[in-house]
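**Q** sequence and predicted structure below; questions after.
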Amino acid sequence: MRHLILVFTMLLLGQSVFADEYDKENFEIVDVGQKASSHGWYVTYKLDDETFAILAPHHWQETVSFLLIGEKKALLIDTGMAFGNIRLNVEALTDKPIIVANSHSHYDHVSNNYNFDTIYGRDLDFTRKNASGHPKTTWQNAIQPSAVSDNLPPEFDFESYENKGFEIDHYLKDGEIIDLGGRKIEVIYTPGHTPDGMLFFDRERGYLSTGDTFYPSTLWAHRSDADFKDYIESAKKMAELEPHVKYILPGHGEIVANPNFLGKLYEAFLAMRDPNTPYETGEDRRRYQFDGFAALVADPPE
Ligand SMILES: [Zn+2]
């Protein structure tokens, strides 16, 4: 009997240790139809009745866009790679006027912007340059058949693919509230991955969109458009938000992540300042492995 109780306890413990409430398997997939999903290029997950994650799982970047619907307007955070037209997908979920805002202006987050009428962004030269379109050669490794595993929309063509430019209709300020009608979204500047990084925070529901500033995989803080000092300050801001966050909404790979990564991110950046923290070297960069994510930084980081 004692043996049985022990086995039963181990099973229970095992469940609590291994069940991950942040796994996308736990969320309902919404059927928006073949055309709207760009023939399965996008998979739409319901976080709640007014909040959806739109994932492009068949490209190695697995970009995620988030649709937050209010009583009067809807906010689309990031528009992805434009291998499919995400607007069809969004319009299958809401008939409210759509505001697009980007976590930052890297090509893999803004490429479908040109399909929308209202774009909010940062008042920075960095953003304006990216808004003029990205030359194909810049991101060649992402725009080739080997970048795709499956479900490429039939109308897509690698040869004619362009990162088209877009116009910014409104410059977002730090601390600004985007009022969707009965739903307020806070803008929080978080430079570091790029100069124009922003969080979008639905404080009432506890949803914090983090773009590429955090996702539970390898973070890029090593490129010329990254800034380690800015990143550490942004990570500090994010750690302070942790008690108010239910879900991180990350820019790649997962549709939600555990808010305890916010504190861990800041600790990771402090650790990378410590010369005793181990890392791997490669080319002119360092790679640090942490619990649940990694970071690439310049060598030395700052
Ligand atoms: Zn990025």
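**A** Done, it's in.
**Q** which residue packs closest to the residue in the stretch 1-150 of the chain that the ion sits nearest to, ignoring adjacent ones?
**A** Here the stretch 1-150 of the chain gets closest to the ion at one residue, residue 106, 3.4 Å apart by C-beta to the ion. Any C-beta I mention is one placed from the backbone N, CA and C, and that applies to glycine too. Sequence neighbours aside, residue 194 is the residue nearest to residue 106 in space, at 6.4 Å (criterion: C-beta to C-beta, 6 or more residues apart in numbering).
**Q** go ahead and confirm that neighbour touches residue 225.
**A** Yes. Judged on C-beta atoms under 8 Å, residue 194 makes contact with residue 225 at a distance of 5.1 Å.
**Q** what about this protein, any weak spots by pLDDT?
**A** 1-19 (pLDDT under 70).
**Q** got the residues of it near the ion?
**A** The chain comes close to the ion at residues 106, 212, as judged by C-beta under 5 Å from the ion.
**Q** quick check: closest non-adjacent residue to the spatially most central residue of the chain.
**A** Nearest residue to the geometric centre of the chain (C-alpha atoms, centre = their mean): residue 251, 1.1 Å. Among residues not flanking residue 251 along the chain, residue 211 sits closest, at 4.2 Å (C-beta to C-beta, 6+ apart).
**Q** wait, the one you found sits on residue 197?
**A** Yes. Applying C-beta under 8 Å as the test, residue 211 and residue 197 come out as touching, 6.2 Å apart.
**Q** identify the contacts common to those two.
**A** Taking C-beta atoms under 8 Å, 6 or more residues apart in numbering as the contact rule, residue 211 and residue 197 both touch 103-104.
**Q** quick check: the residue of the stretch 1-150 of the chain closest to the ion vs residue 87, distance?
**A** Using C-beta to C-beta, to the nearest Å, we find residue 106 at a distance of 20 Å from residue 87.
**Q** who's more crowded, these two?
**A** residue 106 (24 against 19; other C-beta atoms under 10 Å).
**Q** show me what contacts the more buried one?
**A** Contacts of residue 106 (C-beta under 8 Å, 6+ apart): 130, 194, 212.
**Q** same check, this time on residue 215
**A** Residue 215 sits in contact with 250-254, 257, 293, where contact means C-beta under 8 Å, 6+ apart.
**Q** please tell me how far the residue of the stretch 201-302 of the chain found nearest the ion sits from residue 221.
**A** Of all residues in the stretch 201-302 of the chain, residue 212 sits closest to the ion, with a separation of 3.7 Å (C-beta to the ion). Distance from residue 212 to residue 221, counting by C-beta to C-beta: 10 Å.
**Q** out of the two, which sits in the more crowded spot?
**A** Set residue 212 next to residue 221 and count neighbours by other C-beta under 10 Å: residue 221 wins out with 26 against 23.
**Q** tell me who's in contact with that one.
**A** 192-193, 228, 231, 295-298, 301.
**Q** just the residues you listed: which are in helices?
**A** 228, 231 (DSSP state H).
**Q** list only those of the contacts of residue 221 flagged as buried.
**A** Neighbour counting with 16 or more other C-beta atoms under 10 Å marks 192-193, 228, 231, 295-298, 301 as buried within the contacts of residue 221.
**Q** list just the nearest of these to residue 170.
**A** residue 193 (22.3 Å; C-beta to C-beta).
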